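**Student:** this one's structure only:
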């Protein structure tokens, strides 16, 4: 006798993008099926994914794609798992505008002991449901300012690709748009075994994002803090980040005592002066690696480091990989460019 399939409810917000919705649905639907039957639809697999919303009327998502939910939340009083796909929050949008009924249903499911998996901006939904208050979480690195503004009690770890969290460790957050693949493989491993997860990763060409988000994180610069002195310093740094005496010159230009300058700089930008300069230099080094064939020593000098070994150590600390690995990861194969 075959065991019942595991019900996975995928809540659909108008702010969702369709790629993750369909990617998660198709991957979980395929798990447990023999490859020769995948396209034909049988035999039955491990999971029963369902698209859930407040209504089953066609919905237009943020990309303009229309989608038809399969079940309403009223018709779904229970489920085995909830997978929250990415929600896209653009400039001027407030997460408070997300569907409150759907958020309340997600919170209700978690209160009933249902594990919740959230990919990328799906962590915003968990935060709106007050499930992350006082807990660690991750999301796409670009949403760090949003979390700081709306959810200051959440301990955000944007360098991590996945965080298991919540009062009962029943919440799983993943950062980055393609991190839904990690969550899908994790679900398959937990409920279908590691061999099935490996099989699915081979079929769909998925791989675990073991390096986290650090290689992809871009510097988030706060230029709306209202401190004119620090803003002028930031503008000067952008044009002189390769100078050897940069910190001393910054203090001199600010006209402030060193301690006062350090305190005001961190309050305005979220970085120490040295941390800001180092991060900006590594951002420039990443750009050089992405767009040129310059070698390590030359890149180090261009961004202000005479000692290539020191530059490489700093690069690895801030990105999680070596410069050469970063270039290989981010640039397309040379043969494709010919």
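**Tutor:** Received, thanks. Because the structure is predicted, anything quoted here is derived from the model rather than measured. Numbers count the residues shown, from 1 in each chain.
**Student:** Can you report how many residues lie near the nearest residue to residue 54 once chain neighbours are set aside?
**Tutor:** Here the nearest residue to residue 54 in space, its sequence neighbours aside, is residue 101; by C-beta to C-beta, 6 or more residues apart in numbering that works out to 5.0 Å. C-beta here means a position set from N, CA and C on the backbone, and glycine is covered the same way. As a burial measure, residue 101 scores 13 neighbours (other C-beta atoms under 10 Å).
**Student:** which residues touch residue 70?
**Tutor:** Shown in contact with residue 70 (C-beta atoms under 8 Å, 6 or more residues apart in numbering): 50, 51, 52, 56.
**Student:** Quick check: which element contains the first one?
**Tutor:** It refers to residue 50. Taking DSSP states H and E as the definition, residue 50 sits inside strand 47-53.
**Student:** Give me the buried positions along that strand.
**Tutor:** Residues 47, 48, 49, 51, 52, 53 are the ones in strand 47-53 that count as buried (16 or more other C-beta atoms under 10 Å).
**Student:** Quick check: the last one vs residue 72, distance?
**Tutor:** Between residue 53 and residue 72 the distance, using C-beta to C-beta, to the nearest Å, works out to 7 Å.
**Student:** before we move on, what about the third one?
**Tutor:** For residue 49, the distance to residue 72 equals 16 Å [C-beta to C-beta].
**Student:** Same check on the fourth one?
**Tutor:** Using C-beta to C-beta, residue 51 is found at 11 Å from residue 72.
**Student:** Repeat that for the second one.
**Tutor:** Taking C-beta to C-beta as the measure, residue 48 falls 16 Å from residue 72.
**Student:** quick one: low-confidence parts of this structure?
**Tutor:** For the chain, residues meeting the criterion pLDDT under 70 lie at 1-2, 34-43, 177, 210-224, 332-338.
**Student:** Let me see the domain layout of it.
**Tutor:** The record's domain split for the chain, according to automatic domain parsing, is 6-216, 228-334.
**Student:** Buried deepest among those domains, which one?
**Tutor:** For the domains of the chain, the stretch with the most neighbours on average is domain 6-216, a mean of 19; neighbours defined as mean count of other C-beta atoms under 10 Å.
**Student:** quick one: that one to chain centroid distance?
**Tutor:** Centroid separation for domain 6-216 versus its chain: 12 Å, with C-alpha atoms, centre = their mean, to the nearest Å.
**Student:** secondary structure class for the closest residue to residue 73 other than its chain neighbours?
**Tutor:** Across the structure, with C-beta to C-beta, 6+ apart as the measure, the residue nearest residue 73 apart from its sequence neighbours is residue 105 (4.2 Å). Three-state assignment for residue 105 (DSSP: H, G, I helix; E, B strand; the rest coil): helix.
**Student:** got it, and residue 183?
**Tutor:** Here residue 183 is helix, with the state taken from three-state DSSP.
**Student:** wait, it sits on residue 83?
**Tutor:** Yes: look at residue 183 against residue 83 with C-beta atoms under 8 Å: they come within range, at 7.1 Å.
**Student:** Now list whatever residues contact both of these two.
**Tutor:** Taking C-beta under 8 Å, 6+ apart as the contact rule, residue 183 and residue 83 both touch 24, 117, 119.
**Student:** Okay, and which of those map to helices?
**Tutor:** Cross-referencing the shared contacts of residue 183 and residue 83 against helices under DSSP state H gives residue 24.
**Student:** Any chance of the shared contacts of residue 183 and residue 83 in TSV with distance to residue 330 as columns?
**Tutor:** Shown next, in TSV, are these (distance: C-beta to C-beta, whole Å):
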residue	distance to residue 330
24	26
117	27
119	22
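**Student:** What is the nearest of the shared contacts of residue 183 and residue 83 to residue 268?
**Tutor:** Lowest distance from residue 268 to the shared contacts of residue 183 and residue 83 (C-beta to C-beta) belongs to residue 119, with 32.6 Å.
**Student:** ok, now which ones touch the closest one?
**Tutor:** Contacts here follow C-beta under 8 Å, 6+ apart; on that basis residue 119 touches 20, 24, 83, 84, 85, 86, 174, 177, 179, 180, 183.
**Student:** now residue 241: how far from residue 86?
**Tutor:** For residue 241, the distance to residue 86 equals 33 Å [C-beta to C-beta].
**Student:** Kindly report the same for residue 111.
**Tutor:** Using C-beta to C-beta, which is the criterion applied here, residue 111 is 24 Å from residue 86.
**Student:** Then residue 160?
**Tutor:** With distances taken as C-beta to C-beta, residue 160 is found 17 Å from residue 86.
**Student:** Now do stretch 282-298: distance to the chain's middle.
**Tutor:** In terms of C-alpha atoms, centre = their mean, the centre of stretch 282-298 is set 24 Å apart from its chain centre.
**Student:** For residue 61, list the residues it contacts.
**Tutor:** For residue 61, the contacting residues are 12, 14, 15, 16, 17, 18, 67, by C-beta under 8 Å, 6+ apart.
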